[in-house]
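# I'll drop the sequence and a predicted model, then ask my questions.
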Amino acid sequence: MMKRAVALGLVLLLAGAGAAAADSGKRMIVGGTLASATEAPWAVAITNTDASRASKRWCSGVLVAPNKVLTAAHCAARATSSYGVIQGRADLNDREVGQFSKVTALWVHPAYSGTTNHNDFAVLTLAKPMTGVPVMPLETSAKADRKGAVPVVYGWGDTHETGPEDTLQKLAVPDLGDSTCLGIKGYRENGYSAAANVCAGYLDGRADACQGDSGGPLVLNGRLLALVSWGNGCAQAGYAGVYAEVAPAAKTLMDQVR
């Protein structure tokens, strides 16, 4: 099992109960389609000076206030000053479009566990607010996580060569219901919780979020249902994607983004 963040050129596999950091190989949202910055203006790419890629792509995230970005806690293990946020740039190599801001503060959910992966949330405070950009409202109802719903995930992560590098992708992923992920022994042992996660994707392995998509938004009915968190590789048959569900943590998160 792997967390879906970018690491420095290696894959750290689980040793016991914790999901691990991911590789920086040539993959993005697997099986997705290109998305424009116009259709998803609240989707942001998170960069880090430690990243080995020329684009410095590290994780994905979502603008939840003009100066606040919500992403995965496991993306937030570096020094605050090493992070940057790009908005409005679907192709990260196109430096002529979009806006960039450095990060001045980094908050990690106090109940985040690197062992169970619960509360996989972090908030980045921007030095320069992204003015004139729509923000994504948080889902506050746990009932939104329901089997049969089809939310859409966005991110700049790896593609398994199903799409161009460092380019915003989107993918509709069916909500499979908590019982599906709880029925996967490895997921159950590594902390999947109906109270903390959304189980979504394709068990036939056709498509999935991947490394570099960590912290990217899973959107349903115009609200932030969850964030990309972890899974067993990318688009592996028999394994869904695991997302950090927003509603159970919404009150704590809203206190940070006001």
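Thanks, I have it.
# L218 contacts E245, correct?
No - contact between L218 and E245 fails when scored by Cβ atoms under 8 Å: they sit 9.0 Å apart. Glycine gets a C-beta too; all of them are placed from N, C-alpha and C.
# between these two, what contacts are shared?
198, 225-226 (Cβ atoms under 8 Å, 6 or more residues apart in numbering).
# Select from those residues the one having the most neighbours.
Neighbour counts for the shared contacts of L218 and E245, by other Cβ atoms under 10 Å, peak at V198, which reaches 31 neighbours.
# what are the bridge partners for that one, then?
Taking DSSP bridges as the rule, V198 bridges to Y243.
# Make 10 the starting number, not 1.
Happy to do that; since the first residue is 10 now, the last one works out to V207.
# That one: what's it in contact with?
V207 touches 154, 160, 184, 227, 234-235, 251-254, counting by Cβ under 8 Å, 6+ apart.
# Helix, strand, or coil at G195?
helix (DSSP: H, G, I helix; E, B strand; the rest coil).
# Can you mark which positions in the lengthiest helix in the chain are buried?
Using DSSP state H to define each element, the chain has its longest helix at helix 259-266. If you call a residue buried by 16 or more other Cβ atoms under 10 Å, then helix 259-266 has these buried ones: 259, 262, 265-266.
# swap in stretch 166-177?
Result for stretch 166-177 [16+ other Cβ under 10 Å]: buried residues 166-169, 171-172, 174-177.
# Closest to P75 out of those residues?
Taking Cβ to Cβ as the measure, P75 lies nearest L177 of the buried residues of stretch 166-177, at 20.2 Å.
# wait, what's in contact with the nearest residue to the closest one once chain neighbours are set aside?
Excluding its sequence neighbours, the residue lying closest to L177 (Cβ to Cβ, 6 or more residues apart in numbering) is A99, at 4.2 Å. By Cβ under 8 Å, 6+ apart, A99 lies in contact with 43-46, 176-177.
# Kindly check the end-to-end length of stretch 156-176 for me.
Taking Cα to Cα, to the nearest Å, stretch 156-176 runs 29 Å from one end to the other.
# next one: stretch 99-118
Using Cα to Cα, the two ends of stretch 99-118 sit 28 Å apart.
# next one: stretch 96-113
For stretch 96-113, the end-to-end distance is 16 Å (Cα to Cα).
# Buried residues of it, list them for me.
96-101, 107-110, 112.
# next one: stretch 209-228
Buried, per 16+ other Cβ under 10 Å, within stretch 209-228: 209-211, 214, 216-228.
# check contacts around the residue of the chain positioned farthest from its centre.
Note on the chain: the largest C-alpha distance from the chain mean falls to E105, namely 25.1 Å (Cα atoms, centre = their mean). Listed by Cβ under 8 Å, 6+ apart, E105 has no contact partners.
# what's the pLDDT at it?
At E105, the model reports a pLDDT of 94.
# ditto for G18
29.
# R267 too?
84.
# Pretty sure it sits against A74.
Yes - R267 is within contact range of A74, at 7.3 Å (criterion: Cβ under 8 Å).
# more neighbours, these two?
Applying other Cβ under 10 Å to R267 and A74 shows that A74 carries more neighbours, namely 18 against 8.
# which non-adjacent residue is nearest that one?
V266 (4.6 Å).
# Thought V132 was touching the one you found, still the case?
Yes - contact criterion Cβ under 8 Å: V266 and V132 qualify, at 6.2 Å.
# Now for those two: what residues contact both?
73, 77, 79.
# Any chance of these in CSV with pLDDT as columns?
Below are those laid out as CSV (pLDDT from 0 to 100):
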residue, pLDDT
V73, 98
K77, 98
L79, 98
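# quick check, nearest of those residues to G242?
Closest approach between the shared contacts of V266 and V132 and G242, by Cβ to Cβ: L79, at 24.9 Å.
# C-terminal to the lowest-mean-pLDDT helix or strand in the chain, what's the next element?
The helix or strand of the chain with the poorest confidence is strand 29-31; it has a mean of 33 (mean pLDDT, DSSP states H and E). Moving toward the C-terminus from strand 29-31, the next helix or strand (DSSP states H and E) is strand 42-43.
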